[in-house]
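Novice: sequence plus the predicted model coming up.
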Amino acid sequence: MLDFDKILSHLLYDPKDPILFNSAFFLYFFAVFLLCYQLVSHNQRGRVWVFTLFSLYFFYKACNEYVLLVILSAIVDFNLSRWIDRLESKTKRKWLLVFSIVINVGVLFYFKYTNFFIGIINDIGMGKISFMHIALPIGISFYTFENLSYTIDVYRREIKPVNKFMDYLFFLSFFPKLMMGPIVRAADFIPQIYKPYQLNNEDVGKGMFLILGGLFKKVVISDFIYQNFVQYIFDDPTRHTGIECLLGVYGYALVIYCDFSGYSDMAIGIARWMGFTIPANFKKPYQSSSITEFWRRWHISLSSWLRDYIYIPLGGNRKGKFRQQVNLMLTMLIGGFWHGASWNFIFWGGMHGGALAIDKVWIKWQKGKTWLKSNVIIAPIWKLAGVLFTFHLVCFCWIFFKSETFSGSWALIHQVTHDFQGNLFMDIIHAYPWVFTLMGIGYFIHFLPGKLENKVEVGLTRLPIWGSIAVMVLFIWTILQVKTSEPMIPIYFQF
């Protein structure tokens with residue numbers, strides 16, 4: 001006999017069990033969604049309504065009543081953008097744009113930064129204000145940036161605003177990318193709404209490759225390494241030797257990459273199955289030989305957003321070298337602050353901004369040394385040195401990104417520099433055999449040439465339908481056998 005109360009409890013929001021791509025409930029949600037979507041697949045308006053309603057329910061399951069924020073922000077920017085487009089007066093259009101920016105950024109600041117600034121006011125002795133109990137709505141940073149880019153693009157007359165509100169709500173609430181990105185531009189996404197739904201073998205194969213690869217990175221590699229090693233190191237670095245702390249940093253570098261890129265890959269793969277192409281958000285970032293290249297490969301949707309809507313409007317590289325370096329620093333400080341209301345994130349952004357500014361000078365110096373790239377012996381060694389240096393620079397910055405406090409960051413660094421005990425390396429490896437096996441697999445896969453991945457994708461596109469289903473079922477069964485008992489909340493949920 002069916003237990004309707006139990007079924008209802010699963011359907012309602014549960015703060016202890018938010019919906020995740022790797023959760024059991026998502027499989028049921030996605031199966032029902034696929035069925036409904038296929039029933040209306042040849043009706044453009046039907047697809048919009050089904051997708052939007054399921055997306056809003058998905059968001060409700062993730063953060064309860066804060067789903068209303070998505071709807072409200074869609075109402076505001078849908079109407080403001082249409083008003084901006086109709087006006088001819090440049091002054092009025094600019095004021096409406098400012099109004100839109102103030103509303104979007106104001107809402108983001110209220111939920112994300114109110115207590116941060118209260119803390120600053122209290123620390124400098126300007127008051128004794130009590131902290132407010134404000135829950136951070138999941139995904140607010142992502143859909144706020146999408147709202148801003150849409151209104152700004154309409155203001156610049158780079159795109160025309162949509163005519164139907166449901167189309168804009170569909171774009172903003174699109175559940176594969178709603179909570180953790182990628183940050184999708186309206187100019188790239190909205191035109192796809194009006195195309196007929198056609199799914200070919202390439203879409204099936206590419207989507208499957210991204211979903212399976214994303215699940216493997218997130219559930220098998222990231223969750224296991226974090227829960228069985230990395231979290232212990234960062235919880236209290238002073239209890240561990242320097243070699244353990246260093247290996248913990250290497251582990252976290254892989255954890256955050258596999259966690260976020262894995263979730264992004266799943267989002268892009270699910271979207272591909274629904275007939276929507278979303279650009280890649282990661283391109284093997286640890287293969288980068290410079291910090292500039294790293295930011296072209298890491299969280300591409302955010303770095304390109306910061307470039308187009310902050311760095312270039314500030315002047316970019318058009319106002320001299322010094323101004324360019326200032327613009328880079330300001331952009332990365334804002335990028336760090338976007339990640340969270342913490343001095344650690346601001347410091348992390350500042351370090352990357354400073355590194356990018358120095359890298360511009362370094363790149364200019366290298367241009368005059370053609371032998372660095374043309375010499376068959378020196379060129380590969382030079383590139384390898386660049387990859388190793390960039391990777392360790394990024395890992396050093398991750399320490400501040402991950403640690404809750406500055407003291408925690410410096411405590412870990414102190415252990416590495418003052419209590420290294422490298423002779424314990426093999427003992428640590430033997431103590432955590434599965435952790436380091438998965439770390440080895442993770443880094444090995446990351447540094448594999450892209451051509452091998454393309455061959456796997458091509459192989460999946462050639463499978464018949466029954467073969468694709470068999471691969472999916474077998475893979476998901478394998479994931480269920482090896483995954484950790486408690487699903488780990490994705491790192492970027494907090495942003």
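Specialist: Happy to help now that I have it. Computed from a prediction, not measured in an experiment: that's the story for all the values here.
Novice: what's next to stretch 202-218, contact-wise?
Specialist: 21-22, 257-259, 261-270, 272-273, 275, 442, 453, 456-463, 468, 471-472, 475-476, 479, 490 (C-beta atoms under 8 Å, 6 or more residues apart in numbering). Quick note: C-beta positions are derived from backbone N, CA and C, even for glycine.
Novice: and what of stretch 50-65?
Specialist: Where contact means C-beta under 8 Å, 6+ apart, the residues beyond stretch 50-65 that reach it are 13, 15, 18-19, 25, 29, 33, 36-37, 40, 66-67, 70-71, 135, 137-139, 166, 169-170, 173-175, 178-179, 274.
Novice: and for stretch 387-407?
Specialist: Outside stretch 387-407, the residues that touch it by C-beta under 8 Å, 6+ apart are 234, 249-250, 252-253, 256, 285-291, 293-294, 339, 343-345, 347-348, 351-352, 355, 409, 412-413.
Novice: check stretch 310-319 too.
Specialist: 323, 324, 327, 328, 330, 331, 334.
Novice: for residue 130, state which of these is nearest.
Specialist: Of all the contacts of stretch 310-319, residue 130 sits closest to residue 334, with 28.3 Å by C-beta to C-beta.
Novice: now do residue 404 against residue 466, distance only.
Specialist: 49 Å (C-beta to C-beta, to the nearest Å).
Novice: the more surrounded of those two?
Specialist: Neighbour count, other C-beta atoms under 10 Å: between residue 404 and residue 466, residue 404 has more, with 11 against 8.
Novice: just the C-alpha atoms of stretch 488-495, please, in PDB.
Specialist: Extracted C-alpha coordinates of stretch 488-495, given in PDB (Å, rounded to 0.1, in the frame of the first residue of the first chain):
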ATOM      1  CA  MET A 488      28.700  16.000  -0.300                       C
ATOM      2  CA  ILE A 489      27.100  19.400  -1.000                       C
ATOM      3  CA  PRO A 490      28.800  20.900  -4.000                       C
ATOM      4  CA  ILE A 491      31.400  23.500  -3.000                       C
ATOM      5  CA  TYR A 492      30.000  26.200  -5.300                       C
ATOM      6  CA  PHE A 493      26.500  25.900  -3.600                       C
ATOM      7  CA  GLN A 494      27.700  28.500  -1.100                       C
ATOM      8  CA  PHE A 495      28.300  31.100  -3.900                       C
END
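Novice: buried stuff in that stretch?
Specialist: 488, 490, 491, 492, 493, 495 (16 or more other C-beta atoms under 10 Å).
Novice: if we can go back for a sec, of the contacts of stretch 50-65, just the buried ones, PyMOL syntax please.
Specialist: Remark: buried members of the contacts of stretch 50-65, expressed as a PyMOL selection using 16+ other C-beta under 10 Å:
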select buried, resi 18+19+29+33+36+37+40+66+67+70+71+137+138+139+166+169+170+173+174+175+178+179+274
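Novice: could you check how far residue 412 is from residue 336?
Specialist: Using C-beta to C-beta, residue 412 is found at 19 Å from residue 336.
Novice: now residue 88
Specialist: Separation of residue 88 from residue 336 (C-beta to C-beta): 39 Å.
Novice: list the contacts for the nearest residue to residue 493 once chain neighbours are set aside?
Specialist: Spatial nearest neighbour of residue 493, chain neighbours left out: residue 138 (5.8 Å); criterion: C-beta to C-beta, 6 or more residues apart in numbering. Counting by C-beta under 8 Å, 6+ apart, residue 138 touches 18, 59, 62, 63, 66, 179, 493.
Novice: how about the helices in the stretch 301-450 of the chain?
Specialist: 312-314, 321-339, 343-367, 371-374, 378-402, 406-418, 425-431, 433-446, 450-461 (DSSP state H, counting those that start in this stretch).
Novice: as TSV, the ones you listed with mean pLDDT, distance to residue 244 and mean neighbour count would be great.
Specialist: Listed next are the helices of the stretch 301-450 of the chain as TSV, based on pLDDT from 0 to 100; distance: least, C-beta to C-beta, whole Å; neighbours: other C-beta atoms under 10 Å:
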stretch	mean pLDDT	distance to residue 244	mean neighbour count
helix 312-314	94	42	14
helix 321-339	93	26	19
helix 343-367	92	21	17
helix 371-374	74	37	12
helix 378-402	95	14	17
helix 406-418	96	8	16
helix 425-431	96	6	12
helix 433-446	95	11	16
helix 450-461	76	33	13
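Novice: could you dump the ones you listed to JSON lines with distance to residue 186?
Specialist: As requested, the helices of the stretch 301-450 of the chain are exported to JSON lines (distance: least, C-beta to C-beta, whole Å):
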{"stretch": "helix 312-314", "distance to residue 186": "18"}
{"stretch": "helix 321-339", "distance to residue 186": "19"}
{"stretch": "helix 343-367", "distance to residue 186": "26"}
{"stretch": "helix 371-374", "distance to residue 186": "39"}
{"stretch": "helix 378-402", "distance to residue 186": "29"}
{"stretch": "helix 406-418", "distance to residue 186": "38"}
{"stretch": "helix 425-431", "distance to residue 186": "49"}
{"stretch": "helix 433-446", "distance to residue 186": "32"}
{"stretch": "helix 450-461", "distance to residue 186": "28"}
